[in-house]
Structures are given as C-alpha cells and as structure tokens.
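1. Have a look at this prediction, sequence included:
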Amino acid sequence: MRFKKLKLYTNKLESELEFYSKTLGFEVLKQTANYFSVKVGWSELVFEKTDREYKYHYCFLIPSNKLNEALEWMEKRTEIVTIENGRKTQNFDSWNADSFYFYDASGNIAEFIVRYDLNNNDFDIFDISKVLGVNEIGMPTANVRKTNDQLQTELQTEYWKGDIDRFGTNGSQEGIFLLPNYNLKDIWFPTSIKIKPEPFEAVIENKEREYHIEFRNEKIKTTANKELS
C-alpha cells in the first residue's frame with residue numbers, strides 16, 4: 001500500500017507553507033489562499049485551511065541506510081524531539097525500524113522512519129528529495145478490530161502488526177494506517193499530544209487499484225477510484 005495523497009487540516013496554513021517549502025525545501029505543487037500541496041516522493045501532502053486546531057501524527061519514509069544522515073540534515077533546519085537522556089532516535093524492534101520525530105508548524109508530531117526490511121538503500125548524499133513518501137497517518141478509533149475490518153474489506157489492505165485491542169496497524173511497510181484505541185492509548189509517542197480521531201482525506205494505491213478515503217467524525221468513507229494500468 002502507498003499513500004498517493006494525504007490531506008490534513010490546519011489553522012496555520014501560512015506557517016505550514018513556510019515550513020514545508022522554505023525550511024525543509026519540498027517542492028510546492030499547488031497553492032491557493034485556502035490550501036497548498038507539496039511533493040513528498042510518490043506522495044502529495046496537502047494542507048487545507050480551517051478555523052479549528054487539529055493535532056495529527058504522520059510519518060515519512062526514508063531510505064533504510066539514511067537514518068543518521070537524515071537526522072543530521074534535519075537538525076540543521078528544525079528541532080528534533082528528544083526522547084529520553086538526550087536520545088533522538090527510537091528503535092522499534094518488532095517492526096525492524098528506527099525513526100526520529102519533529103513538530104511541524106501546526107504542532108503536529110511528524111516522523112522520519114527507516115524500515116530495514118524494505119532494503120531500499122540510497123547511496124547519494126541525503127537531501128529532501130530522498131524522502132520516499134508519506135508512510136503513516138494516525139487513524140484513532142474506539143474499536144481497532146472494527147476499523148481494521150472495514151479497511152480490509154473496502155481497501156483490500158491487511159492487518160500488519162500490533163495489539164488488535166490497544167494499538168494496531170493496517171497496510172504494508174510502504175504505507176500504514178496507525179490504529180490506536182484512544183481509550184487505552186491516550187497520547188502520541190514521544191509527546192504529550194492527546195490522541196483524537198482528527199479528520200483527514202487520503203488517496204492510496206493498493207493491489208493495482210486506487211482508493212479515496214475520507215476519515216471524519218470517526219467514520220470511514222471509501223471510494224474505489226480506478227484500476228491502475
């Protein structure tokens with residue numbers, strides 16, 4: 001599964017545009033008074049203006065040999081979240097992955113992750129063009145099993161790993177819906193941000209088909225867009 005597009009909502013549109021286009025240097029694809037989008041590898045990341053504050057957790061995939069180089073590159077441009085005892089990277093043994101975290105201009109918790117099983121090494125010097133795509137988006141729920149079952153049925157995606165009651169995942173290592181039960185897991189690691197079912201839209205590619213997903217008020221609406229040739 002891959003995220004072709006991810007749309008988030010922000011009440012700090014101008015600040016997000018500055019952060020993504022200037023601070024990090026992503027290519028701007030579209031820009032109006034109400035939204036903008038940037039190219040993130042195989043994904044398009046969209047921020048749309050709203051009056052409300054939302055707090056998301058999302059993640060970008062980088063080549064599996066670029067963790068430290070990407071960390072050094074990002075530290076020159078924005079503050080990296082310190083996890084504990086000065087440590088800035090986190091190992092996920094059961095996922096065979098490492099990552100680091102930072103805040104975007106809206107205060108969302110964002111992440112760069114390497115997934116060693118993908119073996120997608122890159123031997124050029126790291127810059128923002130080496131980000132491969134959007135890799136994760138949080139889809140909080142009161143019922144992980146029910147949410148996962150709907151995704152499996154309507155998107156033909158698969159349950160990946162985790163606790164089906166507390167914190168599950170759906171998708172593949174190239175694209176994952178994070179499914180925390182916000183009644184059992186109430187904050188996004190490694191922050192104090194409360195986990196809430198915030199609205200988003202996405203377009204995913206899975207098994208040679210493209211799907212549109214709208215997540216709003218903890219309800220999922222999916223549409224099969226087209227079969228890819």
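-> Done, it's in. Because the structure is a prediction, the values reported are computed rather than measured.

2. Would you mind measuring from S37 to L132?
-> 17 Å (Cβ to Cβ, to the nearest Å). (Each C-beta comes from the backbone N, C-alpha and C, glycine too.)

3. neighbours around the closest residue to F215 other than its chain neighbours, how many?
-> The spatially closest residue to F215, leaving aside those adjacent along the chain, is F200, at 5.3 Å (Cβ to Cβ, 6 or more residues apart in numbering). Neighbour count of F200, defined by other Cβ atoms under 10 Å: 21.

4. what do you get for the one 10 residues further on?
-> When neighbours are counted by other Cβ under 10 Å, E210 registers 17.

5. center of this protein, which residue is that?
-> Y58 (2.8 Å; Cα atoms, centre = their mean).

6. Can you classify that one by secondary structure?
-> With DSSP: H, G, I helix; E, B strand; the rest coil as the basis, Y58 sits in strand.

7. That one reaches L6, doesn't it?
-> Yes. In this structure, Y58 is within contact of L6 by Cβ atoms under 8 Å, at 6.8 Å.

8. hey, what's in contact with both of these two?
-> In the contact map built from Cβ atoms under 8 Å, 6 or more residues apart in numbering, the residues linked to both Y58 and L6 are V134, I137.

9. lowest-confidence helix or strand of this structure?
-> Of all the helices and strands that make up the chain, strand 219-227 has the lowest average by mean pLDDT, DSSP states H and E, namely a mean of 86.

10. where does this protein dip in pLDDT?
-> Using pLDDT under 70 as the threshold, the predicted model of the chain has low-confidence ranges 226-229.

11. Sketch out the helices for it, chain order is fine.
-> In chain order, the chain shows helices spanning 13-17, 67-75, 144-155, with DSSP state H as the criterion.
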